[in-house]
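Colleague: mind folding the following:
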Amino acid sequence: MSNSLATRVLGALLLLFTLFSAVTFASPVTGALLTPRASVLDSTISVLKSKLSVGASIVLPDEDAWDNTTSRWSEYSRPLSGFAVLVSNVRDVQETVKFAKKAGMPFLVRNRGHGSVGTLATFQGGIEIEVSMLNSIKINKKSSTATMGGGVYNYQVIQTLYAAGYQGAVGSCSCVGFLGAGLGGGHGRLQGMHGLIADGIVSAQVVLGDGRLTTASATKNKDLWWALKGAGHNFGVVVEVTYKIYPLVADGDWWYANFIYGKSQIEDVFALVNKLRDSQPAELTIASVYTWLPGATEPNIIVSLFYPGHVNTRAKWTAPFAALGPLPGSDEGVAKWKDLSEVSFTGLNSTLCAHGYRRNQYPVGVKTVDATSAIAAFELFAEVGEKYPDTKGSTLVFESYSLQAVRKVKSADTAYPHRDVNVIILFQGMYTDPTIDEPMNEYGKQIRNTLRKKSGFSTPKGYLNYAQGDEPLEVLYGDEAWRMKKLRSLKKLWDPKNAFGFYEPLA
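Modeller: Take a look at the predicted model:
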C-alpha cells in the first residue's frame, strides 16, 4: 500500500474512531443524540463549516485535496489527522479551536508540514488546522518592521523583504515555515547580524487553547512573549507577528564557496573551522556537511561559506580553505541574498525540501568540533550508507553560524536556552524503507553519543527544532532549574488543558 493511500485509509479510520468513541461531542453542539454514523459525520462537518468564513474549507481523507493538505516533510513519526480545516483568516482559527475544545477533539497546526519531532506521532485522529492562507506580509519602513501572517514560509519572507530593500533573521531552508522555526528559536545565516528569528519578534497575535485571541509583546503579556521566543509551540497558534527588519547589506550581493574534501582532511577542516571561531565576523556563515555525492564510493565533507559583498572580499576567508586542497567539483560565485538557498542545496526544489521521505533526526550542541569525534562520526555515517544504500541521502550537518547578535540577547530574556552553543550539529537520516527505522535509530544514537562526549558541555544540548523526541526536556529547553520551573508554570497559566501538547510538550 502506498504512503498516500495508507494515510488516507488511516485518516478515515481515525476520524470515525474519534467521532464514535464519544457521542457526547456531537450532542452539545446539535442538541440531539446522533447515532447513525453518516449523520454524526455530516452533522459534525456541517456545524463546523457554518462557523467558518467563505474562504475556508474542510478536507476529508477521501477527497482529492487530502494528500497535499496533509503532506509531511517526514513520514517518520508523522501525525495522522481525521480531517483538515484550511483557515483563511484569524477568526477561522478561533472558531476551529473553540469547536475542537467543545467537541473534546485534539487539534494540530500545520503550515509547511516540516515538524518532525517524534512526539508528533502521538497526534492521532484529530483536526489539522492548515494556516498557509494566513500569508500576508506588510512592511512598515517607518518602524523597520514587517507584520506577517502565521502561514508565511521562509521563501516568501526572503523574496518580499528583498524586493523592498530589506533583510532579516530567517531560516536557511526556503521551504520551512517561518514561525514553525521561529517559535523554537529560528537560527540562520544572518543570525550573526540580526539574531534568531525569535529575537526579532516585536509582538505576536496568539489564539489560545480556548479560542481567545490575545497579544504578546514587551508591554502586554510579557511572560507569554518570553515563552513564545524559544518554546512557542507549547502555548498557542501564532496567527500574526511583527518582527524587525534591516536594510540590505552590500546591495543584497553575497559571495559563496563550496569546498569538497575527503575523510583524510576532516581533522584539518575542523581545526580551521574552530580556529576561525575566534575571528569569525558577524556576516560570515560557515556550514559543513557529510554527504554522499552521486557516484561516490565513500562520503565527502562539503564546507560552505557565505559573506555579503563581491568576489573581491572573499580571499581572506576562502584562502585558508583553498590551502587545504579541496577536491574537484568545489565552486564559488556571487548570488543575491534572495537566491542563497539555491546555491547552498536548500532551495524549494532541493532534495532537502522534498516531502515523502522518512527523516530521522538527532541533534547535538557543542562548543567546538572535536576532530577525533568528528572522524568517528564520519565512519559511522559511512557505515550506515554502505550497509543500507537507501540511506545515502542522509546528511550530518555542522552549522557554525556567527553568534554576535545572538549573544547580545541575555540568556534569561527569552525561552531559547542555548546561546552558549557555538555549533549546532544534526544527523538527519533520510530514506524511504520503514524497515530501516530501527537500525537508523541505533546509528543516530551512536553518532549523537559520539559527538556529545567531547562537546565541551557537562550536560547534553539539543536544538528544539531538530529534536528526535527521546531527549529529556532539559536537553531541549535548558537545564537551568529556574528555566524549566518558569516554563512549566507558564504552561499551566496559558495552556492549562494542554491543548498544545504534541510538540515536545512541557506538560
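Colleague: tell me the contacts of the spatially closest residue to Ile286 that is not a sequence neighbour?
Modeller: Distances taken as Cβ to Cβ, 6 or more residues apart in numbering place Ser400 nearest to Ile286, at 4.2 Å, with adjacent residues excluded. Every C-beta, even on glycine, is put in place using the N, C-alpha and C of the backbone. Residues in contact with Ser400 (Cβ atoms under 8 Å, 6 or more residues apart in numbering) are 273, 277, 280, 285-288, 369, 422-423.
Colleague: mind picking the lowest-pLDDT entry from those?
Modeller: In terms of pLDDT, Arg277 ranks lowest among the contacts of Ser400, with 89.
Colleague: contact partners for it?
Modeller: By Cβ under 8 Å, 6+ apart, the contact set of Arg277 is 368, 400, 422.
Colleague: surely the last one touches Lys367?
Modeller: Right, Asn422. Yes: using Cβ atoms under 8 Å, Asn422 is in contact with Lys367, at 5.2 Å.
Colleague: what's the helix or strand for the residue nearest to Ile286?
Modeller: In the assignment (DSSP states H and E), Ser400 maps to strand 395-401.
Colleague: now the next helix or strand after that strand: buried residues?
Modeller: Later in the chain than strand 395-401, the nearest helix or strand by DSSP H and E is helix 404-408. Burial within helix 404-408, assessed by neighbour count using 16 or more other Cβ atoms under 10 Å, is assigned to 405-406.
Colleague: can you tell me what sits against helix 404-408?
Modeller: For helix 404-408, the external contacting residues (Cβ under 8 Å, 6+ apart) are 187, 191-196, 199, 282, 419.
Colleague: please name the nearest non-neighbouring residue to Glu240.
Modeller: When the adjacent residues along the chain are set aside, Glu240 lies closest to Gln205, with 4.0 Å between them (Cβ to Cβ, 6+ apart).
Colleague: any chance of the contacts of Arg277 in JSON lines, with distance to Gln265 too?
Modeller: Converted to JSON lines, these look like this (distance: Cβ to Cβ, whole Å):
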{"residue": "Thr368", "distance to Gln265": "18"}
{"residue": "Ser400", "distance to Gln265": "16"}
{"residue": "Asn422", "distance to Gln265": "21"}
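Colleague: find the least confident helix or strand in the chain, judged by mean pLDDT.
Modeller: Least confident helix or strand, the chain: helix 27-30 with a mean of 32, by mean pLDDT, DSSP states H and E.
Colleague: how close does the most centrally placed residue in the chain sit to Trp292?
Modeller: Nearest to the mean C-alpha position of the chain, counting by Cα atoms, centre = their mean, stands Ala181 at 4.1 Å. If you measure Ala181 against Trp292 using Cβ to Cβ, to the nearest Å, the figure is 26 Å.
Colleague: over to Gly177?
Modeller: Taking Cβ to Cβ as the measure, Gly177 falls 28 Å from Trp292.
Colleague: just Asn221 next, same as before
Modeller: Asn221 is 48 Å from Trp292, by Cβ to Cβ.
Colleague: how about Gly55?
Modeller: Separation of Gly55 from Trp292 (Cβ to Cβ) stands at 44 Å.
Colleague: so the two - more neighbours on which side?
Modeller: Using other Cβ atoms under 10 Å, the more surrounded residue of Gly55 and Trp292 is Trp292, with 20 against 11.
Colleague: now that one: closest residue in space, sequence neighbours ignored.
Modeller: Nearest non-adjacent residue to Trp292, counting by Cβ to Cβ, 6+ apart: Lys392, 4.1 Å away.
Colleague: quick check: that neighbour touching Val384?
Modeller: No: look at Lys392 against Val384 with Cβ under 8 Å: they stay out of range, at 9.1 Å.
Colleague: who has more neighbours, those two?
Modeller: Ranked by neighbour count (other Cβ under 10 Å), Lys392 and Val384 place Val384 first, with 23 against 17.
Colleague: contact partners for the more buried one?
Modeller: So Val384 contacts 391, 394, 429, 439-440, 443 (Cβ under 8 Å, 6+ apart).
Colleague: next one: Ala376
Modeller: Thr450.
Colleague: burial count for Pro247?
Modeller: Neighbourhood size, Pro247 [other Cβ under 10 Å]: 12.
Colleague: same check, this time on Lys142
Modeller: Per other Cβ under 10 Å, the neighbour tally for Lys142 reads 6.
Colleague: nearest residue to Tyr443 other than its sequence neighbours?
Modeller: Leaving out its chain neighbours, the residue that sits closest to Tyr443 by Cβ to Cβ, 6+ apart is Val384, at 4.4 Å.
Colleague: how much space between that neighbour and Val397?
Modeller: Going from Val384 to Val397 by Cβ to Cβ gives 15 Å.
Colleague: which SSE is immediately downstream of the helix or strand where Tyr243 lies?
Modeller: According to DSSP H and E, Tyr243 maps onto strand 237-244. Using DSSP H and E, the helix or strand that follows strand 237-244 in sequence is strand 246-247.
Colleague: quick one: average confidence on the next helix or strand after that next one?
Modeller: Later in the chain than strand 246-247, the nearest helix or strand by DSSP H and E is strand 253-261. Strand 253-261 comes out with an average pLDDT of 96.
Colleague: so for the helix or strand just after strand 253-261, what gets flagged as buried?
Modeller: Once the chain leaves strand 253-261, the next helix or strand it forms, by DSSP H and E, is helix 266-276. Buried positions in helix 266-276, judged by neighbour count with 16+ other Cβ under 10 Å: 266, 268-270, 272-274, 276.
Colleague: ok, back up a step: partner strands of the helix or strand encompassing the residue nearest to Glu240 and their direction?
Modeller: Applying DSSP H and E as the criterion places Gln205 in strand 201-207. Using DSSP bridges, strand 201-207 pairs in its sheet with strand 213-217 (antiparallel), strand 237-244 (antiparallel).
Colleague: most tightly surrounded among these?
Modeller: Of all those, strand 237-244 carries the top mean neighbour count, a mean of 23, counting by mean count of other Cβ atoms under 10 Å.
Colleague: now that strand: how far from the chain's centre is it?
Modeller: The gap between the average C-alpha position of strand 237-244 and the chain average comes to 16 Å, counting by Cα atoms, centre = their mean, to the nearest Å.
Colleague: same check on stretch 165-174?
Modeller: Chain-centre distance of stretch 165-174: 14 Å, with Cα atoms, centre = their mean.
Colleague: who's in contact with it?
Modeller: Here stretch 165-174 makes contact (Cβ under 8 Å, 6+ apart) with 139, 144, 146, 153-155, 157-158, 161, 178, 181, 186-191, 194-197, 199-200, 243-249, 252, 287, 337, 341, 344, 346-348, 352-353.
Colleague: can you get me a residue count around the closest residue to Lys336 other than its chain neighbours?
Modeller: Take Lys336 and drop its neighbours on the chain: the residue closest to it by Cβ to Cβ, 6+ apart is Gly252, 5.0 Å away. Per other Cβ under 10 Å, the neighbour tally for Gly252 reads 19.
Colleague: mind listing what Gly252 touches?
Modeller: By Cβ under 8 Å, 6+ apart, the neighbours of Gly252 are 162, 167, 336-338.
Colleague: apply 7 Å and report the result again.
Modeller: Contacts for Gly252 were tallied using Cβ atoms under 7 Å, 6 or more residues apart in numbering; they are 162, 336-338.
Colleague: perfect, I'm done here.
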